[in-house]
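Asker: model the following, please.
(5 chains, ligands or ions: 4)
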Amino acid sequence: GSDEEKPTAAGSGAAEAETIRLGYFPNITHAPALVGVNKGFFAETLGGTKLEEKTFNAGPAAIEALFSGAIDATYIGPNPAINGWSESKGQALKIVAGSTSGGAGLVVKDGINTPADLKGKKIATPQLGNTQDVALRAWLKQNGLNADKQGGGDVSVLPQDNATALQAFAQGAIDGAWVPEPNLSRLILESKGKLLVDEKTLWPNGEFVTTHLIVSQEFLKKYPGTVKKLIQGHVKSVKYIETNNAEAQTAANAQIEKLSGKALKPEILAAAFKNLKFTYNPIASSLYTSAKNAESVDLLDPVDLKGIYDLTILNEVLTAEGQAAVSDAAA
Amino acid sequence: MSTVVRIDDVTKKYGSGSNALLALDHVSLTVDKGEFVCLLGASGCGKSTLLSLVAGLDRISGGTLEINGKHVALMFQEAALFPWLSVSGNVELALRLQGVGRADRRKRAGELLEIVRLGGFGGKRPHELSGGMRQRVALARALAQNADILLMDEPFGALDAMTRDILHDELERIWREQELTVLFVTHNVREAVRLGDRVVLLSSRPGRVLEDFKIDHPRPRRIDSTEVAAQAAEITDRLRAEVARHAS
Amino acid sequence: MSTVVRIDDVTKKYGSGSNALLALDHVSLTVDKGEFVCLLGASGCGKSTLLSLVAGLDRISGGTLEINGKHVALMFQEAALFPWLSVSGNVELALRLQGVGRADRRKRAGELLEIVRLGGFGGKRPHELSGGMRQRVALARALAQNADILLMDEPFGALDAMTRDILHDELERIWREQELTVLFVTHNVREAVRLGDRVVLLSSRPGRVLEDFKIDHPRPRRIDSTEVAAQAAEITDRLRAEVARHAS
Amino acid sequence: MPAEVITDDKTADEVSGLDALELAPRPDRGDRGRRIWNSAWPKLLAVAIAIAAWQLVVLSEWKPTYVLPGPVDVFADLKELATTPDFWDGVRLTLTRAFTGFLLAVAIGTVIGAAVSRFAPLRAAIGSLITGLQTMPSIMWFPLAILLFQLSESAIMFVVVIGAAPSVANGLISGIDYVPRTWLRVGQVLGMKGLSKYRHLILPASLPSFISGLKQGWAFSWRSLMAGELLVIVPGALSVGARMQNARDLHEASLVISYIIVVLIIGILIDILFNTADNALRKRWGLTGN
Amino acid sequence: MPAEVITDDKTADEVSGLDALELAPRPDRGDRGRRIWNSAWPKLLAVAIAIAAWQLVVLSEWKPTYVLPGPVDVFADLKELATTPDFWDGVRLTLTRAFTGFLLAVAIGTVIGAAVSRFAPLRAAIGSLITGLQTMPSIMWFPLAILLFQLSESAIMFVVVIGAAPSVANGLISGIDYVPRTWLRVGQVLGMKGLSKYRHLILPASLPSFISGLKQGWAFSWRSLMAGELLVIVPGALSVGARMQNARDLHEASLVISYIIVVLIIGILIDILFNTADNALRKRWGLTGN
Ligand SMILES: Nc1ncnc2c1ncn2[C@@H]1O[C@H](COP(=O)(O)OP(=O)(O)OP(=O)(O)O)[C@@H](O)[C@H]1O
Ligand SMILES: Nc1ncnc2c1ncn2[C@@H]1O[C@H](COP(=O)(O)OP(=O)(O)OP(=O)(O)O)[C@@H](O)[C@H]1O
Ligand SMILES: [Mg+2]
Ligand SMILES: [Mg+2]
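Answerer: Ligands and ions are numbered 1, 2, ... in the order given. Got it, this is the predicted structure:
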């Protein structure tokens, strides 16, 4: 409790860490990390600071690692970040940059054409209370369908890991799934699913956060200089993806193959990249809305997200490069 | 009288290669129906081996072995009771395996335990018995099998002289009443003479039939009678000579 | 001579409540240093129980028990060899536990197996031996313990008369040479008279000391000598009377 | 010549009782109350020590409380859980599944174990496969489970059974392999064959090892169940497995610890059941210290 | 009066050999080649039957091939895997972890098992906890592992050890509990005390049960490892656990089956090791037929 809530003095050239331990997933939604590591952008900007990569398969493990001090920063989805913020009462982490937007939606079987057709059907989401789960429930609610946490109600919402959901859908054991990329594309391309809702259409400007970069507050306080360099690398990576889309795809896939022993199929990769937008803007408004939605479907105790963002360094970096600053405002 | 057990030129080898041990070497022996044959021989000469061959527990390594009997019961040298059953449970199991009904089982087991002088011990566990008591339970179990050929491996080895006398009488009575054929291993020469129609002497390793004594004394015999003592002395001398020959 | 074992008014009860069994009832007995005492009694009268109390394996339920000796060895009624060790391994273990070095162990185990007439069997496993041979290994193991008090529970029960004679001589020699104190349980009255300085008669359940015979015949004795036979007959009569009294 | 001195049986009994306490797992004597106390105080002490150590670590502020919450928080959470009827529904659901799955696994494992140890070619063929199957993480069975049973209760059962049956079979096989030869010979002489041999000899003789196989099987089935319960979520009651996963996903450290405690308690209760069986068996076999 | 007839020892030996084949797991006689063949043909036959059945199901078009691929596809994938040096690096990494963790678990489990079975209060205190711990899904240990060991190899080891040690301990405890009383008494008379009692009596006597505990412990440690390897992913040599998870996440049915086969093969190889130890033991104890 001794830490005061004050904006980090982004004093350039402040203390530097010897190493920084960065977490990310071998997953296409973490493309800025994949590309940044693969192309050596982080190594470039970090200079003398050694980059130690840690990879995870799911958000909870990454947050556990951050909590325990096993990593200093990680790419992660909005929901684990919110949970981590709320569980640590705003002490464990800060969101310092955005990374990915879009790339989620509801894929259903043939024969389901309207929300009303979903009555009595089984729809999978990756995790109870995660971003997609909340999005699905909020959308159902808007459409006058209810779903409880235990899988009951008009629509059965079943939290299932991606592997299970994909197989279950392929076999017709479930009727649909609200999933992120690349599974969205796989459901459509491999299992002949139909995109009923593209989540983009539910958000202003079609933008909503899928992945962002968080840093442990302790690390941020101690080594703002290192964090700055990390963010520089990140921005570089995002820009590279924007300008060299094809090469970025190859780099991301190469990194995935290195980490998981198997690359994505080219058509899936291309489709997923098309649906995703990579941006350093954290799209704060969508995070606040998502949290509110979670509260409204009773998946989150009311939480004060004020202060979850610390975009000072990011804006410093952007300004230095002559770019517009981003905002952490709720609206 | 018909032959019930015909052991013809039987050889038994344990193990193989350089480690092989010849336990029985061309043993021939026939036992007629209703006969009581006692086997005598030095420790390790192959008596137990012979019984287990007759009971069909081991394969012979050579020769032929013929059994003409409905059912063979074997009382092992060690009591080998099942620890998970009570004393009477052990006896009843033998009855049960012959399809005797529950009530009959209980009754018959009680009788058998009475015969071996363990009336009140039916409810105990084997580990609560003394060595001699366990041996008697094993006897009761062997009798419960209701076999027509009864093989007994030193059944009274752990018993005091008095209990042994009593059981001699009981065994003789049962043998006579049920017309059993008995093959009886013992180290007690007097016991052999007391009980047997014949006493067969085996040589030391490898076991061979050394001599086959016919015991003609009229029954009932008494173990401390002079006839029994005299015959036993004769057999003992023969045995002693064999051991001496072997030792030289 | 000093008293080595003093059993004073000792009671032993197994179990509790209605299931309790009084195995020994106020038994008193003293054994002096270098004495060879034989215990006789009906099956189940408490002989093994008494030995295990003296060896400290069970707690007495009443009375006092005093042992003045460095080390007590007990040869159990069953051979109880360890199946994971070879025959000589079983004997060597007893030596090893006294800190005998490897080479000495091997040599001494070989000697002991020679004594029990199992010279060539050191490398075998216990399950490859006959009943009598196992008993002899157990004897070798007990001797290997190099104790000054030796408790033996029917050590020769499974042996033929000849082997038994030889081991009697060996045991007597060792007893004399090493000035052992021996408490020896047997069912063979002649054996008791052949070996013992005293023969103690226990009554049937619960065990009580019935009579304590002093055997004065000069050593070396022969088991088939007339003196031994006569004394044995006397003791047998006494025992028979007791059993009869008990049966009535 | 028994002396007339009256011996103090009581004292000797007590000494013998203390001796038993020292050597044997359970004293045979003593009144019921004392026996319960004897087995209870070390447990209570252990729990007390564990909680005290935990509290100390928390007090040392080694980690922030949102990472490692203190006992007080956790017990508050636990109490709250225990007063939710919903939670008990979940426990009931999970336990029902666990028992059904376990019983099925026992039945199947027993049959397989008996068959494998009976027929040499079968043993050569699939003996080693049994251990191979055992080493497969339950999660790898999910695809097969879905393939065969869709997302039904049967899919969960499949995962549980395939996780636990090999243990049961292995326990039985190892028990059968170590049945003393003498008993087998006695059985043969008594005329046991086929089923009756199993019924009257092999099963009782291999019971100790079988029970320890059952215990392991239970552990496997429970662990597989915790994973398997993520497969199928039945509307209404949320199973313990799903709850545990959710607690982790929501990063509620104190809830995670609460569920760890719940699972431990269930595990311990089941173990006590097994131990009761085991102790009864050992007593029958005459293995408990007198 | 032994007769002079020459008996056909050879034939009798053969008969006895056949008999042993029927009753005992391994024939003792026969030349080496035949013995290997005897143990190999049922395995080969079983594999052939399994593959044939699988191919039949695929041919029946019960499920689309992207859900249930045929043997041909899978073996193609498997072959491709087996020719990647990367894959072997991963296997090496995983096996190294497995053995280290298992050995650690054995050491710890043995000490705990021995201590628990030796001291009655300890047994009362933590005896049941051992089974309790065993029922905990490895995934629940992750938070604690990360807390204690960060994201290091030690974290993986922790998960493996805590998964496997209870099994080893339980195997030992149950073995010790069933050491026949007679042997304990012999040991006492021979003057065994403390360590020497364990060294010379308890451990060898409880070896059968201990070995089966080790076998179960291996299964637990392997399963825990497969989960634990998801904790720390070292780029470069990708562990088997991580590969399995990825195969699932990528939803490549034929890759998933390939990894199932890989894990099965490893499990079977290890089981053969255990069986060799077990058979040697049974032979020494005189438990193999004839
Ligand atoms: N299973 C076995 N494996 C190897 N050798 C054995 C086996 N059983 C017995 N033998 C050997 O066969 C020989 C005969 O043993 P057997 O048990 O038949 O003797 P016995 O006449 O019954 O002796 P005892 O009077 O001591 O009981 C012995 O030398 C013994 O070592
Ligand atoms: N562990 C035990 N639990 C309960 N009762 C026992 C136990 N051991 C022995 N007994 C009982 O104590 C009595 C004496 O047994 P013990 O073994 O001392 O007899 P014994 O004189 O050695 O007989 P035997 O000559 O037959 O060996 C018997 O009635 C027996 O049932
Ligand atoms: Mg014999
Ligand atoms: Mg006795």
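Asker: in what helix or strand does the residue in chain B that ligand 2 sits nearest to lie?
Answerer: Chain B approaches ligand 2 most closely through residue B:132 (2.5 Å), counting by Cβ to the nearest ligand atom. Just so you know, the C-beta spots here come from the backbone N, C-alpha and C atoms, and that holds for glycine as well. Counting by DSSP states H and E, the element that carries residue B:132 is helix B:131-144.
Asker: angle of whichever helix or strand comes after that helix against helix C:131-144?
Answerer: Along the chain past helix B:131-144, the next helix or strand (assigned with DSSP H and E) turns out to be strand B:149-153. With axes from the mean of the first three to the mean of the last three Cα atoms, to 10 degrees applied, the angle from strand B:149-153 to helix C:131-144 works out at 20 degrees.
Asker: so what's the gap between the helix holding residue B:132 and the chain middle?
Answerer: What separates the centre of helix B:131-144 from the centre of its chain is 12 Å, taken as Cα atoms, centre = their mean, to the nearest Å.
Asker: quick check: pLDDT value at the residue of the stretch 51-200 of chain D found nearest chain C.
Answerer: In the stretch 51-200 of chain D, the residue found nearest to chain C is residue D:181; the distance is 7.2 Å by Cβ to the nearest Cβ. In the prediction, the pLDDT value recorded for residue D:181 is 87.
Asker: smallest gap between the stretch 1-150 of chain A and chain E, at which residue?
Answerer: Taking Cβ to the nearest Cβ as the measure, the point where the stretch 1-150 of chain A comes nearest chain E is residue A:70, at 3.9 Å.
Asker: wait, a helix at that residue?
Answerer: No. Assessed by DSSP: H, G, I helix; E, B strand; the rest coil, residue A:70 does not belong to a helix; its assignment is coil.
Asker: pull the CA atoms of the one helix or strand residue A:229 maps to into CSV?
Answerer: Taking DSSP H and E as the criterion, residue A:229 maps to helix A:224-243. Once non-C-alpha atoms are left out, helix A:224-243 reads as follows in CSV (Å, rounded to 0.1, in the frame of the first residue of the first chain):
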residue,chain,number,x,y,z
PRO,A,224,10.5,3.3,-16.9
GLY,A,225,13.4,3.6,-19.4
THR,A,226,13.3,-0.1,-20.2
VAL,A,227,9.5,0.0,-20.6
LYS,A,228,9.9,2.9,-23.0
LYS,A,229,12.3,0.8,-25.1
LEU,A,230,9.9,-2.1,-25.0
ILE,A,231,7.1,0.2,-26.2
GLN,A,232,9.4,1.5,-28.9
GLY,A,233,9.9,-2.0,-30.2
HIS,A,234,6.3,-2.7,-30.0
VAL,A,235,5.3,0.4,-32.0
LYS,A,236,7.9,-0.5,-34.5
SER,A,237,6.5,-4.0,-34.9
VAL,A,238,2.9,-2.7,-35.2
LYS,A,239,4.0,-0.3,-37.9
TYR,A,240,5.9,-3.0,-39.7
ILE,A,241,2.8,-5.1,-39.8
GLU,A,242,0.8,-2.2,-41.2
THR,A,243,3.3,-1.5,-44.0
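Asker: following element in sequence after it, please.
Answerer: helix A:245-260.
Asker: and residue D:193, how many residues sit next to it?
Answerer: Counted with other Cβ atoms under 10 Å in any protein chain shown, the burial measure for residue D:193 works out to 11 neighbours.
Asker: can you list phi and psi of it for me?
Answerer: Here is the backbone geometry of residue D:193 (degrees, to the nearest 10): phi -140, psi 150.
Asker: hang on, isn't the residue of the stretch 51-200 of chain D closest to chain C packed against residue C:127?
Answerer: Yes. Using Cβ atoms under 8 Å as the test, residue D:181 is close enough to residue C:127 to be in contact (7.2 Å).
Asker: and for those two, which residues touch both?
Answerer: Between them, residue D:181 and residue C:127 share these contacting residues under Cβ atoms under 8 Å, 6 or more residues apart in numbering or on different chains: residue E:286.
Asker: check contacts around residue 230.
Answerer: In the absence of a named chain, chain A is used. Applying Cβ under 8 Å, 6+ apart, we find residue A:230 in contact with A:20, A:22, A:42, A:45, A:46, A:73, A:213, A:215.
Asker: my bad, chain D
Answerer: The contact partners of residue D:230, taken as Cβ under 8 Å, 6+ apart, are A:159, A:160, A:161, A:164, D:241, D:242, D:245.
Asker: what are the ranges of the strands in the chain?
Answerer: Went with chain A since none was named. With DSSP state E as the definition, chain A shows strands at residue ranges A:19-24, A:50-55, A:73-76, A:93-102, A:104-108, A:122-125, A:156-159, A:176-180, A:194-198, A:209-216, A:276-278.
Asker: and the longest one, what's its mean pLDDT?
Answerer: Okay, so that is strand A:93-102. When the per-residue pLDDT values of strand A:93-102 are averaged, the result is 90.
Asker: how far away is the closest residue to ligand 3 within the stretch 151-290 of chain D from residue A:314?
Answerer: Of all residues in the stretch 151-290 of chain D, residue D:182 sits closest to ligand 3, at 12.6 Å by Cβ to the ion. For residue D:182, the distance to residue A:314 under the criterion Cβ to Cβ, to the nearest Å works out to 81 Å.
Asker: pretty sure residue A:235 sits against residue A:316.
Answerer: No. At 10.9 Å, residue A:235 does not count as touching residue A:316 under the criterion of Cβ under 8 Å.
Asker: between these two, which one's more packed in?
Answerer: More crowded of residue A:235 and residue A:316, by other Cβ under 10 Å: residue A:235, with 22 against 17.
Asker: just to revisit the earlier point, now the residue of the stretch 1-150 of chain A closest to chain E: closest residue in space, sequence neighbours ignored.
Answerer: Closest residue to residue A:70 in three dimensions, ignoring its sequence neighbours and counting by Cβ to Cβ, 6 or more residues apart in numbering or on different chains: residue E:150, at 3.9 Å.
Asker: burial check on the one you found, number of neighbours?
Answerer: Using other Cβ under 10 Å as the criterion, residue E:150 is surrounded by 18 other residues.
Asker: do the same with residue A:15
Answerer: Counted with other Cβ under 10 Å, residue A:15 comes out at 11.
Asker: please name the nearest non-neighbouring residue to it.
Answerer: Leaving aside its sequence neighbours, residue A:15 sits nearest to residue A:223 (Cβ to Cβ, 6+ apart; 5.3 Å).
Asker: stretch A:98-112 and chain D, are they touching?
Answerer: No. Contact of stretch A:98-112 with chain D is not found when judged by Cβ under 8 Å from any Cβ of the partner chain; the minimum separation is 14.1 Å.
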